[in-house]
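A.B. asks: model this:
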Amino acid sequence: MALASVTNVEKAYAGRAVLRDISFDLQRGQRIGLVGPNGAGKTTLLKILAGEEQADHGNVTISKNCKVTYVSQIARLDPEETLHHQVSLVFEEVHAIERAMHEAAEDLAKHPSGPEHDAAMERYSVLETHHNHMGGYDYQHRVESVLDELGFTEHDLDLPIKALSGGQKSRAQLARFLLEAPDLALLDEPTNHLDLPMLDWLEKSLNEMSDITLVIVSHDRYFLDSVVNEIYDMQQGQVEQFPGNYSAFVDLKAERQKSQQRAYDKQQATFAKEEEFIRRFSAGQRAMQAKGRKTRLERIKDESSISKVRGPGRGVVLNLKVDRPSGADALVVDDLCKNFPAKKLIQDFSINLQRGKRLGIIGANGSGKSTLLNTLAGDYPPDSGEIKWGFKVNLQFYRQEQQDLVLENTILEELQRAKITASQQDLRDLAGLFKFSGDLVDKEVSVLSGGEKARVAMARMILNPANTILMDEPTNHLDMQTCEILEEALDSYDGTLILVSHDRYFIDQVCDQILALQGDGKWKLYNGSYTDYLAAVAREKTAAAEAKREADKAEKQAAVEAQRREAQRAKKSAPEKPKMAYKYQKMSLPEVEAKIAESEERLANLEGSMANSGVANNPEAMRKIGADHAVAKRALEELLQVWEMKGQNKD
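C.D. replies: Prediction:
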């Protein structure tokens, strides 16, 4: 049975249709990525699934007992409550059980014995079992662990929501979803405000939640590649379904468009042939036949579902060929150090960047990526070290804030300012690629949103590229189609590129070197794309794990060898245990005791003889009895030793 069903859903705003006759089912475990241009209705569809908006027509059915969580782009949290409390609300059932357990414990204290005591004990036992089953004793640790992975400090836990930044609020909402683990999760741009370590952790967490159904709106193509196994492409109010992740979708969509274009071309050829027949024979003997064909052709055109494939519309303005290249060494950095108070950003950084290289700078939030870029651009002075730009380097810096725009100009005027020689048509074509079509090009830059200004700045850069470009988060505010336009443009760029980006897919497509800032001033340079970087890091982890295993093995072997040597030393220094003579080995303990008695008696007799005055006055007799006494004494000592050894063996 489907977790949710969407049947013939339609939605319009101010007369503009956003969703048109959309139908699909959601099964348990499905992982769907919703993609499409801005304004295609992706967020609207999520809100209708979440019950926050109603469809104009059609139905959305959610199965009974299906828990649905909607993570919106704008967090909905109580501004007065603390971060820890708001995130812990997902364990409200656990809190209720704890309150009931406390009440049962109070009843036990009130009634030390009797029926009330027994009833309270039974109630407490049942509640405690349920509490344990729900992980009641470790949920606090789970809350703190998830918040830690999402970049919150221990100090942040007690802050009110209103004291958090917008990004922190979004991450707090994401933490609630991960702890809640619903049946159906609707995620709207969940990767916003996450750095690379957080993204890796989120992808791993979602992939471990295999029984949850996910519907995700995201511009992060790498994230979609890692998490989803279906793509719903939303275009012109409708949904087309594709199996596989985002990369598979791109290939499959291209194939479908080729097939559709071939069918369209074949259809148009048929139409042209029919129209030629109608034109030639609209009068004369075959006029009736021509009239019938015309009626049939009009009906076929009305009923035809084959439409022309909309091409990307990319033109020659996207060619980023550099007119004046720089020298071979575009950038040389020697032992650069840059710190902020009480924080190391980068230490002893050196690089020789050749002309035409494309360096991507990555790292966690706060690792110093943008600071390094601004330092290279000359906006911040280095604490030490040297930065040398190469011969004839012409530097262009695409900043997140787009400080270089003239606010009083229109969009078209700003584009013309970037390239005086460009034709009006080329400028309008380029503006259209960046979502400024028709009369929008006449809007003043001052009234544009931050994202719109970013697109204007990007279009200006493409119109007139320098031979060396610095870019700080260039894909912010760009939808997937515009990102692909930028990637295609940079593919033709033959200058030097240094960029900071959290968009892993973009970095993978554009860069051929990766500079990873690792925190506390540490860094490492990798050759190749982002995929190559990940492979290198995986090899490093494998090598480190193997080295640790070998070190542990060597340490264990050394400990065993040390114990062996110590045992040998102890054995050598220990007094040697007397060995039992062969003649005594088969004797029993009673037999040894009898021999001891005999020896004692013989010694006593010899000592009596030695006391005899006749013997004492006879030196020869004394020597003989003395020798016999010594032999008897040694025999007794030997027997006593044998007796002791046999007694120990018996124990």
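A.B. asks: Contact partners for K338?
C.D. replies: With contact set as Cβ atoms under 8 Å, 6 or more residues apart in numbering, K338 has these partners: L345, I346, G368, T371, L372, T375, Y380, P382, D383. Yep, even glycine has a C-beta here, placed from its N, CA and C like the rest.
A.B. asks: In strands only, show me those.
C.D. replies: Judged by DSSP state E, these include L345, I346 as members of strands.
A.B. asks: May I see the contacts of K338 arranged in JSON lines, with neighbour count, pLDDT and distance to M209 as well?
C.D. replies: Listed next are the contacts of K338 as JSON lines, based on neighbours: other Cβ atoms under 10 Å; pLDDT from 0 to 100; distance: Cβ to Cβ, whole Å:
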{"residue": "L345", "neighbour count": "23", "pLDDT": "91", "distance to M209": "36"}
{"residue": "I346", "neighbour count": "27", "pLDDT": "93", "distance to M209": "37"}
{"residue": "G368", "neighbour count": "25", "pLDDT": "91", "distance to M209": "33"}
{"residue": "T371", "neighbour count": "19", "pLDDT": "93", "distance to M209": "36"}
{"residue": "L372", "neighbour count": "25", "pLDDT": "95", "distance to M209": "36"}
{"residue": "T375", "neighbour count": "23", "pLDDT": "95", "distance to M209": "41"}
{"residue": "Y380", "neighbour count": "15", "pLDDT": "92", "distance to M209": "42"}
{"residue": "P382", "neighbour count": "19", "pLDDT": "94", "distance to M209": "45"}
{"residue": "D383", "neighbour count": "14", "pLDDT": "94", "distance to M209": "45"}
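A.B. asks: can I get the contacts of K338 in a markdown table with distance to A55?
C.D. replies: Conversion of the contacts of K338 to a markdown table gives the following (distance: Cβ to Cβ, whole Å):
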| residue | distance to A55 |
| --- | --- |
| L345 | 51 |
| I346 | 52 |
| G368 | 48 |
| T371 | 48 |
| L372 | 49 |
| T375 | 52 |
| Y380 | 52 |
| P382 | 58 |
| D383 | 59 |
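A.B. asks: quick one: buried residues of stretch 276-289?
C.D. replies: Buried residues in stretch 276-289, counted by 16 or more other Cβ atoms under 10 Å: F277, I278, F281.
A.B. asks: I should have written stretch 500-517 there, sorry.
C.D. replies: When burial is assessed from 16+ other Cβ under 10 Å, stretch 500-517 yields the following buried residues: 500-511, 513-517.
A.B. asks: out of those, which are inside strands?
C.D. replies: Secondary structure defined by DSSP E assigns V500, Q513, I514, L515, A516, L517 of the buried residues of stretch 500-517 to strands.
A.B. asks: and the second one, what are its bridge partners?
C.D. replies: Meaning Q513. Per DSSP bridges, the residues bridged to Q513 are L359, N527.
A.B. asks: So the residue sitting nearest the centre point of the chain versus L206, what's the distance?
C.D. replies: Most central residue of the chain, judged by C-alpha distance to the mean C-alpha position with Cα atoms, centre = their mean, is D200 at 1.1 Å. In this view, D200 and L206 are 11 Å apart by Cβ to Cβ, to the nearest Å.
A.B. asks: Could you single out the nearest of the ones in strands among the buried residues of stretch 500-517 to A543?
C.D. replies: Taking Cβ to Cβ as the measure, A543 lies nearest A516 of those, at 16.5 Å.
A.B. asks: Could you tell me which residues make contact with the closest one?
C.D. replies: A516 is in contact with I362, G363, W523, K524, L525, Y526, Y533, counting by Cβ under 8 Å, 6+ apart.
A.B. asks: Please apply the same query to Y70.
C.D. replies: Taking Cβ under 8 Å, 6+ apart as the contact definition, Y70 lies against L46, K47, L49, A50, E52, L186, D188.
A.B. asks: For those residues, could you give me JSON lines that also reports distance to L297, secondary structure and pLDDT?
C.D. replies: Conversion of those to JSON lines gives the following (distance: Cβ to Cβ, whole Å; DSSP: H, G, I helix; E, B strand; the rest coil; pLDDT from 0 to 100):
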{"residue": "L46", "distance to L297": "43", "secondary structure": "helix", "pLDDT": "95"}
{"residue": "K47", "distance to L297": "43", "secondary structure": "helix", "pLDDT": "94"}
{"residue": "L49", "distance to L297": "42", "secondary structure": "helix", "pLDDT": "95"}
{"residue": "A50", "distance to L297": "47", "secondary structure": "helix", "pLDDT": "92"}
{"residue": "E52", "distance to L297": "47", "secondary structure": "coil", "pLDDT": "92"}
{"residue": "L186", "distance to L297": "46", "secondary structure": "strand", "pLDDT": "95"}
{"residue": "D188", "distance to L297": "46", "secondary structure": "strand", "pLDDT": "93"}
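A.B. asks: Let's see if you can find the most crowded of those residues.
C.D. replies: Ranked by the number of neighbours (other Cβ atoms under 10 Å), the contacts of Y70 place L186 first, at 26 neighbours.
A.B. asks: was I right about that one contacting V215?
C.D. replies: Yes - assessed by Cβ atoms under 8 Å, L186 is found in contact with V215 at 5.1 Å.
A.B. asks: overlap in contacts of these two?
C.D. replies: Common contacts of L186 and V215, defined by Cβ under 8 Å, 6+ apart, comprise L46, L49.
A.B. asks: Let me see the domain layout of this structure.
C.D. replies: Domain ranges of the chain: 257-303, 316-528, 583-650, per automatic domain parsing.
A.B. asks: chain center to the shortest one, what's the gap?
C.D. replies: Think domain 257-303. Average the C-alpha atoms of domain 257-303, do the same for its chain, and the two points are 56 Å apart (Cα atoms, centre = their mean, to the nearest Å).
A.B. asks: average pLDDT for it?
C.D. replies: Average pLDDT, domain 257-303: 81.
A.B. asks: is it true that K419 touches N464?
C.D. replies: Yes - in this structure, K419 sits in contact with N464. The criterion is Cβ under 8 Å, and the distance is 4.7 Å.
A.B. asks: looking at the domains of the chain, which is buried most?
C.D. replies: Looking across these with neighbours counted as mean count of other Cβ atoms under 10 Å, the highest average goes to domain 316-528: a mean of 18.
A.B. asks: Give me the packing partners of whichever helix in the chain runs longest, helices and strands only.
C.D. replies: Ranked by number of residues, the top helix in the chain under DSSP state H is helix 530-573. If you count contacts as 3 or more Cβ pairs under 8 Å, 6 or more residues apart in numbering; DSSP states H and E, helix 530-573 packs onto strand 358-363, helix 504-510, strand 513-519, strand 522-527.
A.B. asks: Just want the angle from the third one to strand 358-363.
C.D. replies: Interaxial angle, strand 513-519 versus strand 358-363 (axes from the mean of the first three to the mean of the last three Cα atoms, to 10 degrees): 20 degrees.
A.B. asks: Repeat that for the last one.
C.D. replies: For strand 522-527 against strand 358-363, the angle by the same axes, to 10 degrees is 150 degrees.
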